[in-house]
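**Q** when you get a sec, could you give me coordinates for this:
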Amino acid sequence: SMSVCTPARAALHTGRLALRTGVVTYFQEDTLYGLPTTERTLADILKQGDYSTGIIGKWHLCHRPPYHPSYRGFDFYVGLPYSVDMGCVNSFNVNYPPEKPCPFDPHTQIEIPALPLYMSLASNCSGASNCNANIVAQPVDLTTLAERYSAAAKTFLQRHAPGHPPEDQPFLLHTPFSPVHAPPP
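**A** Numbering: from 1, shown residues only. Next comes the predicted model:
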């Protein structure tokens, strides 16, 4: 694996060394590319076996079509497209390094995009022409993010509980919770 999140995630989702996927460093929040579409994810493969697939948490393999998780085999996605320190928020002191305030960084006066929370409940960004229609909060409130993730996981799991069709459908739920990103100094 690698020492930064994006290559490690690429390796986890594909089962291949990050170097072989071509993902060898982390993606910035404004990247136009992601995990190569020639790479099959575990979710892609499980969908062929009629699995229901979900991811709740940090994706960080690009949030634009065709790299968004709902294009990569996941039919349920609630989460952040990249790290909590890569966009501005209005809830502070919940992460290290410290969050950037919205609407701009006071040190550089350069506008920083507000950190979005996506909710895609179907393949291909729920059929939208772009994934921005699936943003449910921007900026996301980091103080309630873990609770939102837990509620989404509960919803996903209840869909597969006995007595709730299709109860016999196998499923994969990947939960890379995102609030903690960097170790304390």
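
**Q** just after the lowest-mean-pLDDT helix or strand in the chain, pick out the following helix or strand.
**A** Every helix and strand in the chain was compared by mean pLDDT, DSSP states H and E; the lowest is strand 100-101, with a mean of 63. Scanning forward in sequence from strand 100-101 by DSSP states H and E, the next helix or strand is strand 117-120.

**Q** I'd like the mean pLDDT over the helix or strand following that following strand, please.
**A** Next in sequence after strand 117-120, counting helices and strands by DSSP H and E, comes helix 123-126. Averaging pLDDT along helix 123-126 yields 84.

**Q** one more: stretch 169-182?
**A** pLDDT averaged over stretch 169-182 gives 80.

**Q** who's in contact with it?
**A** Contacting residues not belonging to stretch 169-182 are listed as 5, 9, 42-43, 46, 49-59, 74, 79-80, 83-85, 94-97, 142, 145-146, 149, 153, 156-157, 160 [CB atoms under 8 Å, 6 or more residues apart in numbering]. Placement of C-beta: from N, CA and C, glycine included.

**Q** name the residues of that stretch that come out as buried.
**A** Residues Leu172, Leu173, His174, Thr175, Pro176, Ser178, His181 are the ones in stretch 169-182 that count as buried (16 or more other CB atoms under 10 Å).

**Q** keeping just the C-alphas, turn it into PDB.
**A** The C-alpha atoms that make up stretch 169-182 are tabulated as PDB, following Å, rounded to 0.1, in the frame of the first residue of the first chain:
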ATOM      1  CA  GLN A 169     -29.700 -10.400  -1.600                       C
ATOM      2  CA  PRO A 170     -26.000 -10.400  -0.600                       C
ATOM      3  CA  PHE A 171     -24.500  -7.000   0.100                       C
ATOM      4  CA  LEU A 172     -21.300  -5.200   0.600                       C
ATOM      5  CA  LEU A 173     -21.200  -2.100   2.800                       C
ATOM      6  CA  HIS A 174     -17.800  -0.300   3.000                       C
ATOM      7  CA  THR A 175     -17.700   2.400   5.700                       C
ATOM      8  CA  PRO A 176     -14.500   4.500   5.600                       C
ATOM      9  CA  PHE A 177     -15.600   7.200   8.100                       C
ATOM     10  CA  SER A 178     -13.900  10.400   7.300                       C
ATOM     11  CA  PRO A 179     -13.700  12.800  10.300                       C
ATOM     12  CA  VAL A 180     -10.200  11.700  11.400                       C
ATOM     13  CA  HIS A 181      -7.700  12.300   8.700                       C
ATOM     14  CA  ALA A 182      -4.300  13.400  10.200                       C
END
